[in-house]
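A.B. asks: next come a sequence and a model predicted from it.
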Amino acid sequence: MSSVFLSLSLQVLLLCRVLLAQQQILLPGSCNFELGTCGYTSDPEYGSWRMNEEGHLISVDSAFLLHGQEQAVLVSPVVDQHDWSCVRLVYQITGRGSLHLHLRPDSDNFDYRLWTASKASDSWLIASVDLPNTTVPYQILLEGRPERSSGNSIAVFEIHIVPGYCIECNFEEHHLCGYSNNWNPNVNWYVGGSMTRETESNLLENHTNNNQRGHYMYVDSMYVKHFQEVAKLSSPMTTVPMAGCLSFYYHRDQERGNIFSVFTRDQLGHFEEIWKPEVYVTPSWTLVSVDIKAPHPLEVVFEVAFNSARGGYVAIDDISFSPEFCHRDTEPTVDPSIADCDFENGLCLYHQETAETKVWNRVSVKPNAYRIGDHTTGSGCFLLANTRFTSRPGYVGRLHGPLLPGNHKYCLRFYYLIYGFRKVDSSLLLYIYDENNVALEKAWSLPETSRAVWTEVEITYMKPMLSKVVFVSICTNLRECGLVAIDDITIRLGDCQITTGSLPGQCNFENGICGYMQDRKEDKADWLRVQGHTPTSYTGPRGDHTTGVGYFMYIEASLMLPGHKARLLTSELRGSSSSQCLIFYYHMYGSGTGILSVLLRRSSGEREALLWRRRGEQSVSWMRAKVDYYCDDRHQVIFEAMRGPSLRSDIAIDDISFNRGPCEDPDDITPYSGFSEYFNEIEN
């Protein structure tokens, strides 16, 4: 960094640090890098963070990374903070690179990424990251990744951990808690109080201290030139879902016209108004409490619009948040998961219309090479319409879900599978009904391009009244209808487009191979990442397990010799004091299928341990495996596929996840050695 930058930017930040050091309650894990690193250390397996010669900051520069090093990881001392807290990170990215903040819980194999940034800046930036309450001690990791060229670096000026939620602010901090101003040349939010100009500091007293030594935020109409000029003050984006009571104080003098509103804004940029004042003028600071129920991260936006230069002013102060709702009449938190069903133990809360023949039947398929089983486990239950159990040749079958409250956005996901249709236009439809069984909307219908593979559907919907989902299958002539199946229905609050991202240890191979590595030393072939069906007939899956149209990993037997192995390794895992539950889906279909094994390799060099194994053809379905294992030191898990005697020996894996164990309801651990004589039987 240039000396000019250090002499200007750092001097300003250091002055603010001195003025505000006594005003903040800092929790363990905080550091301003004045006299040292406060117990933060560089992970020796990566590059090193370096203290600035004059102190005050710590950085990682591409020029100091050794050959083969791509990042430097800064690890905090162990933090044992049980209540909610907020990490305030002052940082800068110079040139090209990225900075990531991870949480490392004790007794866990994985680090959880909470926040990331990659935008270069000529000034210091502030990030606010929520740390939810937990009973597990943890460490904070800062991973700096400057790109391999000169002039790229990442610097951290301070790490402050403060009690409460990141959305809270009394505007005494120099970085204003990460709140940002949507800059408008004529109207903006400004800091009011002791550091403002004299004419502005007389606007009103700070609410926190009831004097002008404190600060607040305000906007006035002095320089308004156009009709409806807008000033927006936005909180940092929360990093976790929020539900509770948002409180703040405001002071307003409308004079000749201003419009004051508070909105939430999600990651898609959708606004929702949550409050607006009922009075034009407040004689003093006025407390506002409003309930927020957000299933996804959001920003809170304080917006003021002026009609003229005589539109008055608005001020706010002391924003706080509580996980308890502030109004007794607030509708209880909605739990749409009551509409979830995998049909393993019945129909859950779904039902068919009693006046008609029951068209939907709960069935299962024994693992075999001719008919695909359920989506959940490969050998469980699902719902099937138009079977030999349907008593009449033509039908309309409606499957009703439970009623859910209105005025909420819901994300519905389910899987469907079809066989042998000549006409698909009405074979499977999805409607939204109200509580009076009136159809409000046809939300989805079966596409013409459907294939005989479990395929995921995502639908976002919102209705003002109580509503439910209804699955409809219509068949007027059995000769024109085949089989239609549904499985694994889930409903969550929020928009389906807002994804939470995969947790560490989870991989569905949709966006790459998640850090998995090919074993170049002990195998003769590679695992391949592909989409669709594999090229050799009568072997391999027809689509992936995740969505039906996504990606999976497999071995192509035609590129291997009998007995050749392909080994896929996880990155090195830390080890845990508790057992782990490895869950994955595998596909072993083909008359010449070989062996799929899961092995444990310890970093200590001990002999690899066998955790799980399947031999020979298992099913045309994706099958679920659950594997309990324990390892308290650094290790890797290996997926090893061995080619069988013929080309029809493709083996595939998908949807891998590691969870804290032990596994709940473990699947049958007995390997299938062949098929029953009733291999094509559908069980009612």
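C.D. replies: The structure has been received and is ready for your questions. Just so we're clear, the structure is a prediction, and the values are computed from it rather than from any experiment.

A.B. asks: okay, CA-based contacts and neighbour counts for the rest of this
C.D. replies: Fine.

A.B. asks: care to break the chain down by domain?
C.D. replies: 41-163, 176-193+214-322, 336-493, 506-660 (the TED database).

A.B. asks: out of these, the one nearest Asn170 is which?
C.D. replies: Closest to Asn170 of these, according to CA to CA: domain 176-193+214-322, at 4.2 Å.

A.B. asks: mean confidence for that closest one?
C.D. replies: The pLDDT scores in domain 176-193+214-322 average 87.

A.B. asks: again with stretch 154-166
C.D. replies: Stretch 154-166 comes out at a mean pLDDT of 92.

A.B. asks: so how far is that stretch from its chain's centroid?
C.D. replies: Computed by CA atoms, centre = their mean, to the nearest Å, the chain-centroid distance of stretch 154-166 equals 22 Å.

A.B. asks: likewise for stretch 321-331?
C.D. replies: 25 Å.

A.B. asks: the closest residue to Phe306 other than its chain neighbours and Pro283, how far apart?
C.D. replies: Sequence neighbours aside, Asn258 is the residue nearest to Phe306 in space, at 4.5 Å (criterion: CA to CA, 6 or more residues apart in numbering). Noted for Asn258: a distance of 16 Å to Pro283, by CA to CA, to the nearest Å.

A.B. asks: what does Phe509 give?
C.D. replies: 59 Å.

A.B. asks: how about His175?
C.D. replies: 29 Å.

A.B. asks: settle it for me: which of these two has more neighbours?
C.D. replies: Shown here are His175 and Pro283; by other CA atoms under 10 Å, His175 has more neighbours (18 against 8).

A.B. asks: correct me, but that one touches Ser128?
C.D. replies: No - look at His175 against Ser128 with CA atoms under 8 Å: they stay out of range, at 10.4 Å.

A.B. asks: any chance of the domains of the chain in TSV with distance to Asn32 as columns?
C.D. replies: What follows is those, written out as TSV (distance: least, CA to CA, whole Å):
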stretch	distance to Asn32
domain 41-163	4
domain 176-193+214-322	16
domain 336-493	39
domain 506-660	29
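
A.B. asks: to Glu34, which of those domains lies closest?
C.D. replies: Comparing the domains of the chain by CA to CA, domain 41-163 comes nearest, at 4.8 Å.

A.B. asks: span of that closest one from start to end?
C.D. replies: OK, domain 41-163 end separation, CA to CA: 24 Å.

A.B. asks: starting at the chain centroid, how far to it?
C.D. replies: Going by CA atoms, centre = their mean, where domain 41-163 is centred and where its chain is centred differ by 20 Å.

A.B. asks: also stretch 411-419?
C.D. replies: 22 Å.

A.B. asks: out of the domains of the chain, which is closest to Leu27?
C.D. replies: Once the domains of the chain are compared by CA to CA, domain 41-163 is nearest, at 5.3 Å.

A.B. asks: give me the element Met151 is part of.
C.D. replies: In this structure residue 151 is Gly, not Met. Gly151 is part of no helix or strand, with elements assigned from DSSP states H and E.

A.B. asks: quick one: contacts for the closest residue to it other than its chain neighbours?
C.D. replies: Closest residue to Gly151 apart from its sequence neighbours, by CA to CA, 6+ apart: Gly95 at 6.1 Å. Contacts for Gly95 (CA atoms under 8 Å, 6 or more residues apart in numbering) come out as 120, 151-153.

A.B. asks: highest neighbour count among those residues?
C.D. replies: Ser153 (27 neighbours).
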